[in-house]
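# Whatever this is, show me its structure:
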Amino acid sequence: MKTYVRWGILSTAQIAQNELLPAYMKATNAEATAIASSNIKVKGITGKFRIFKNV
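Prediction:
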């Protein structure tokens with residue numbers, strides 16, 4: 001059985017956008033499923049990276 005990891009991101013910081021989220025998109029055993037931020041840009045970021053839950 002293959003292990004699959006779902007990640008939740010707690011920031012819209014540049015490191016999340018430039019490093020973490022692109023890596024999760026390329027991974028075959030992981031995905032970002034949610035992102036939480038008080039930043040108004042969170043909706044644009046979730047759309048860009050196809051994350052369907054934002055808080």
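
# what's across from the residue nearest to the spatial centre of the chain in the sheet?
What sits nearest the mean C-alpha location of the chain, by CA atoms, centre = their mean, is Ala32, with 3.9 Å. Beta bridges link Ala32 to Trp7 when assigned by DSSP bridges.

# is it true that it touches Tyr24?
Yes. Contact criterion CB atoms under 8 Å: Ala32 and Tyr24 qualify, at 4.6 Å. (C-beta placed from N, C-alpha, C; glycine too.)

# Now the common contact residues for the two.
Common contact partners of Ala32 and Tyr24 (CB atoms under 8 Å, 6 or more residues apart in numbering): 7, 49.

# Enumerate every residue touching Val5.
Counted by CB under 8 Å, 6+ apart, Val5 has contacts 29-31.

# what's the answer for Val55, then?
By CB under 8 Å, 6+ apart, the contact set of Val55 is 34-37.

# Give me the buried entries from those.
For the contacts of Val55, a neighbour count by 16 or more other CB atoms under 10 Å gives the buried set as 35, 37.
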